[in-house]
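J.: Any chance you could fold what I've pasted below:
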Amino acid sequence: MPAPDTYDAVIVGGGHNGLVAAAYLARAGQSVLVLERLGATGGAAVSTRPFDGLDARLSRYSYLVSLLPQKIVRDLGLDFAVRKRTVSSYTPTVRGGRATGLLVGGDRTRESFAALTGGEREYEAWQRFYGMTQRVAERVFPTLTEPLPTRDALRDRIGDADAWRMLFEEPIGAAVEENFTDDLVRGVVLTDALIGTFADAHDPSLLQNRCFLYHVIGGGTGDWDVPVGGMGALTDALAQAARTAGAEIRVHHQATRIETDGTRAEVTVRSPEGERTVAARRVLVNASPQALAALLGDEPPAPAEGAQLKVNMLLRRLPRLRDRSVDPRQAFAGTFHIAEGYGQLADAYRDAAAGRLPTAPPSEIYCHSLTDPSILGPDLAARGYQTLTLFGLHTPARLFAADNEATRAALLEATIAELDAHLDEPIADCLAVDGNGAPCIEAKTPLDLERDLRLPGGHIFHRDLAFPYATESTGRWGVETAHANVLLCGAGAVRGGGVSGVPGHNAAMAALGR
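T.: I've put the predicted structure just below:
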């Protein structure tokens, strides 16, 4: 039997982090093979045309960019850009029987706070609080592509005892309640602690704090930007960078086993041509910790559980709002919060923790095509079509276990009802129809994401996020495993989660001994 092909590095999984690692290693002169189970690279960071007969290329799963360092874009020479949103968020509500809301972003923010809360206090508190988070972001974000700092070193680098207490030591709910009094404002702040994370504001584990931190440090500003051309534009650029540098990328190639003695590894690969083995000095795994354990035959980590509903829509036009003071093009340009008051979020968490779908499911929406119409074909753009992406909170995978189909339908109906409560017309009246005459709306539960993308329990971060500092169980870069020549370069690494490329960069640096 001939000896297996041998590479400096085999990368299991062609998601965006695997492609980042491949590009860095190939540019360093190493021979690199990327194995991707699906028919295309990208993983969850892809663009697709989900609605038959319509030229709308949606970011089907992940959809905004904040944590991708410009360092990676520059280092790899990526042909990729993002655009700023003109509005940060809009949150509709009813006060005194009148439809109103909170608009954050642009020159109307102060006026909007005053109209909602009847004074300056909440606006000034908002300015102070997010001034604090920006200072933390400026200090923490650059560390994501450096070796892990110790906890004390990160605290010293932040240099703000109050910020450290609020973000790293006490449940974030304490900081929200300490700084803000208005229920709606409190809810808007808290949402950043709950996206993809099932936790209460006062959870003693601080899981919500870790989620909040990663949502406010991106780019050193906390801004969430729109990927020009959709999320697939990023992974297409990464795949091109990796190939240009000399990496081989093979789709429809699934790694089924890794055997290693710590210095040399062999990877068993299944493809349409059959099963074969490739050898490597190192293996970088761009998959979940559960998948890594299965490949190695190791003890699996604790189960993970996602807690979100993802809905994609294509509209013939944006809906009219009950709050006539805000143009729909403003309201949907940023994050449109639905049923996300502080009390509503707490109620939804209690419902879900008790095994029930939330009575008023919280969610948030944004319209990619308002900022970047390039994802629409010329005909759809000329006719005023728009895309909407909805992300629902507090819907853990356990709620769907008995009947995923029926529960998905019930949750979607309840979520749309919460949106419709703030519209002057049902969103259904604005939906486009596909080539088969069906309304252009699709929903994905955690179980759907587990099936489609092999996200464990549908968890979009692969497992609970960790604070970005070293502990006894982390290595120098946060990507190391119990096997010296096997590295974890996926979202489950320390400083993983989101579309960042950080685990891919850090695994490449660890492999190169930098």
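
J.: Poorly predicted segments of the stretch 251-400 of the chain, please.
T.: Residue ranges of the stretch 251-400 of the chain with pLDDT under 70: none are present.

J.: Spell out the residue ranges of the helices in it.
T.: Counting by DSSP state H, counting those that start in this stretch, the stretch 251-400 of the chain has these helices, from start to end: 289-296, 328-331, 342-353, 368-371, 378-382.

J.: deepest of those helices, which one?
T.: Counting by mean count of other CB atoms under 10 Å, helix 368-371 has the highest mean neighbour count of these, with a mean of 24. C-beta coordinates here come from the backbone N, C-alpha and C atoms, glycine included.

J.: and that helix, what other elements does it pack with?
T.: strand 386-392 (3 or more CB pairs under 8 Å, 6 or more residues apart in numbering; DSSP states H and E).

J.: Just the C-alpha atoms of the strand it packs on, please, in CSV.
T.: Backbone C-alpha positions of strand 386-392 (Å, rounded to 0.1, in the frame of the first residue of the first chain) are rendered in CSV as follows:
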residue,chain,number,x,y,z
GLN,A,386,-35.8,44.5,0.6
THR,A,387,-34.4,41.7,2.8
LEU,A,388,-35.1,41.2,6.5
THR,A,389,-33.1,39.1,8.9
LEU,A,390,-34.7,38.2,12.2
PHE,A,391,-32.8,36.7,15.2
GLY,A,392,-35.0,35.4,18.0
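
J.: show me what contacts residue 375?
T.: Applying CB atoms under 8 Å, 6 or more residues apart in numbering, we find residue 375 in contact with 47, 56-59, 229-230, 368-369, 387.

J.: ok, the closest residue to residue 28 other than its chain neighbours - contacts?
T.: Spatially, and ignoring its direct neighbours in sequence, residue 28 is nearest to residue 512 (5.7 Å; CB to CB, 6 or more residues apart in numbering). Contacts for residue 512 (CB under 8 Å, 6+ apart) come out as 24-25, 28.

J.: Narrow those to those in helices?
T.: 24-25 (DSSP state H).

J.: got a markdown table for the contacts of residue 512, with neighbour count and pLDDT too?
T.: Listed next are these as a markdown table, based on neighbours: other CB atoms under 10 Å; pLDDT from 0 to 100:
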| residue | neighbour count | pLDDT |
| --- | --- | --- |
| 24 | 29 | 98 |
| 25 | 28 | 98 |
| 28 | 16 | 98 |
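
J.: any idea which of the contacts of residue 512 is closest to residue 124?
T.: Closest approach between the contacts of residue 512 and residue 124, by CB to CB: residue 24, at 44.5 Å.

J.: The closest one reaches residue 503, doesn't it?
T.: No. Under the criterion of CB atoms under 8 Å, residue 24 is not in contact with residue 503, lying 11.8 Å apart.

J.: which residues touch the strand or helix carrying residue 116?
T.: Secondary-structure element containing residue 116, defined by DSSP states H and E: helix 109-117. Outside helix 109-117, the residues that touch it by CB under 8 Å, 6+ apart are 93, 95, 100-104, 120, 122-123, 126, 182, 184-185.

J.: can you rerun that using 10 Å?
T.: Contact with helix 109-117 is made by 87-91, 93, 95, 100-106, 108, 119-127, 180-182, 184-185, 325-326, as judged by CB atoms under 10 Å, 6 or more residues apart in numbering.

J.: List the contacts of residue 126.
T.: Residue 126 touches 102, 104, 109-110, 113, 179-180, 182, 185, 188-189, counting by CB under 10 Å, 6+ apart.

J.: Compute the first-to-last residue distance for stretch 463-481.
T.: 15 Å (CA to CA, to the nearest Å).

J.: Show me what counts as buried in that stretch.
T.: Across stretch 463-481, burial judged by 16 or more other CB atoms under 10 Å covers 463-470, 474-475, 477-481.

J.: What mean pLDDT does it get?
T.: Taken as a whole, stretch 463-481 carries a mean pLDDT of 96.

J.: Please tell me how far residue 440 sits from residue 53.
T.: For residue 440, the distance to residue 53 equals 10 Å [CB to CB, to the nearest Å].

J.: now, among the contacts of residue 126, which is nearest to residue 221?
T.: Using CB to CB, residue 104 is the member of the contacts of residue 126 that lies nearest residue 221, at 14.4 Å.

J.: chain center to the longest helix anywhere in the chain: distance?
T.: Counting residues, the longest helix found in the chain (DSSP H) is helix 121-140. Here helix 121-140 is found 22 Å from its chain centre; the criterion is CA atoms, centre = their mean, to the nearest Å.

J.: tell me which strands and helices the strand ranked longest in the chain is in contact with?
T.: As assigned by DSSP state E, the longest strand anywhere in the chain is strand 274-285. Under the contact criterion of 3 or more CB pairs under 10 Å, 6 or more residues apart in numbering; DSSP states H and E, strand 274-285 touches strand 5-12, helix 16-27, strand 32-36, strand 254-260, strand 265-271, helix 289-296, strand 486-488, helix 502-511.

J.: looking at these, which is closest to residue 200?
T.: helix 289-296 (24.7 Å).

J.: re earlier: chain center to the helix holding residue 116, what's the gap?
T.: In this view, helix 109-117 has its centroid 30 Å away from the chain centroid, taken as CA atoms, centre = their mean.
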